[in-house]
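Enquirer: Have a look; sequence and predicted model below, questions after that.
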Amino acid sequence: MKVAVEINYPPKTTQMISLMMKTYVLPLTLAGIFFAAAPVSWADDVLIASWNFNDEEERLAVSHGAGTMTLEMDEGFDWFGGTTENAVGDDPAGAAFSPQGGTDLANNGKGVTFALSMSGFTALNVSYATQGTGTGFTTQDWSWKVDEGDDFVSVGDPIEPPGSFATVAPTGLSEVAELTNADAAWIRVVFDGATGASGNNRLDNIQFNATPIPEPSTYAAVLGIVGLAVAVWRKRRGAGMRGHAKSAVPPLL
């Protein structure tokens, strides 16, 4: 059997609860308004660079943002039909970068390097659409470095391309601390496992997104709200205590 228990607080406790509610309503309301209207840089990822390979005059040119793409293979690649999977906005399907095993399977172990800036950003995420043929590359291994003279560092498990276009995302890059706020970063993908010269993978709509590091002004705004809350709390608390002190003095007869 459930028993309803009614708690009757003493008058002073009720007054203190009322005072606390009044004290925190304004600061919490202002804080809610601030975070609701905060700029996108507070939490949302921003597109740094992407490649859709639709420019027939310059296939390797960056399609959105800023960055460069360099091939390690001299031959054994083509530009087969692309997809709208993982496309940016209304980008059409167009073409897809299509590396092949090549003569004597020479392109096994070769790859592509993307150079871009992470200045002002953290938590890099890469995503792209890919597919592979039966005799094409079986793995796409991603790695990174922030010094041009260093060796690449592999990260996450290699991507195994599906038989038809699907969006994939290599894991681990978002957790690489060295990439945070790096003036220059190199991201590489290496292809391996092809068993036929014409066997291929297709890669399309390669996106590099990252989270902006909040500007000092954003932190200042947050601290300002906290300061306002403390100031209001002290003022209300002082006024409340003075009111209780006055009420405690019995009236003169």
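Expert: All right, it came through fine.
Enquirer: how close does Gln140 get to Ala87?
Expert: 19 Å (CB to CB, to the nearest Å). In short, each C-beta sits where N, CA and C put it, glycine included.
Enquirer: ok, these two, which is more surrounded?
Expert: Gln140 (24 against 21; other CB atoms under 10 Å).
Enquirer: what secondary structure does that one sit in?
Expert: strand (DSSP: H, G, I helix; E, B strand; the rest coil).
Enquirer: Report the spatially nearest residue to it, omitting neighbours in sequence.
Expert: In space, and not counting its chain neighbours, Gln140 is closest to Ile159: 4.2 Å by CB to CB, 6 or more residues apart in numbering.
Enquirer: show me what contacts the one you found?
Expert: By CB atoms under 8 Å, 6 or more residues apart in numbering, the residues touching Ile159 are Thr130, Thr139, Gln140, Asp141, Trp142, Val168, Pro170.
Enquirer: if we go to 7 Å?
Expert: Thr130, Thr139, Gln140, Val168, Pro170 (CB atoms under 7 Å, 6 or more residues apart in numbering).
Enquirer: mind listing what Glu75 touches?
Expert: Residues in contact with Glu75, defined by CB under 7 Å, 6+ apart, are Gly102.
Enquirer: secondary structure element for it?
Expert: Counting by DSSP states H and E, no helix or strand carries Glu75.
Enquirer: Could you measure from it over to Asp91?
Expert: Taking CB to CB, one finds Glu75 at 28 Å from Asp91.
Enquirer: Okay, and the beta partners of Ala96?
Expert: Under DSSP bridges, the beta-bridge partners of Ala96 are Phe80.
Enquirer: Mind pulling up the pLDDT for it?
Expert: pLDDT recorded at Ala96 is 98.
Enquirer: from memory it sits against Phe77, does it?
Expert: No - using CB atoms under 7 Å, Ala96 makes no contact with Phe77, being 10.8 Å away.
Enquirer: So which of those two has more stuff around it?
Expert: For Ala96 versus Phe77, neighbours defined as other CB under 10 Å are more numerous around Ala96 (27 against 20).
Enquirer: hmm, back to that, among the contacts of Ile159, which one lies nearest to Val155?
Expert: Using CB to CB, Pro170 comes nearest to Val155 of the contacts of Ile159, at 7.0 Å.
Enquirer: Please name the nearest non-neighbouring residue to the closest one.
Expert: Trp142 (4.0 Å).
Enquirer: my guess is the one you found meets Thr171, correct?
Expert: No - with contacts counted by CB under 7 Å, Trp142 stays clear of Thr171, the gap being 8.8 Å.
Enquirer: what is in contact with those two at once?
Expert: Gly156.
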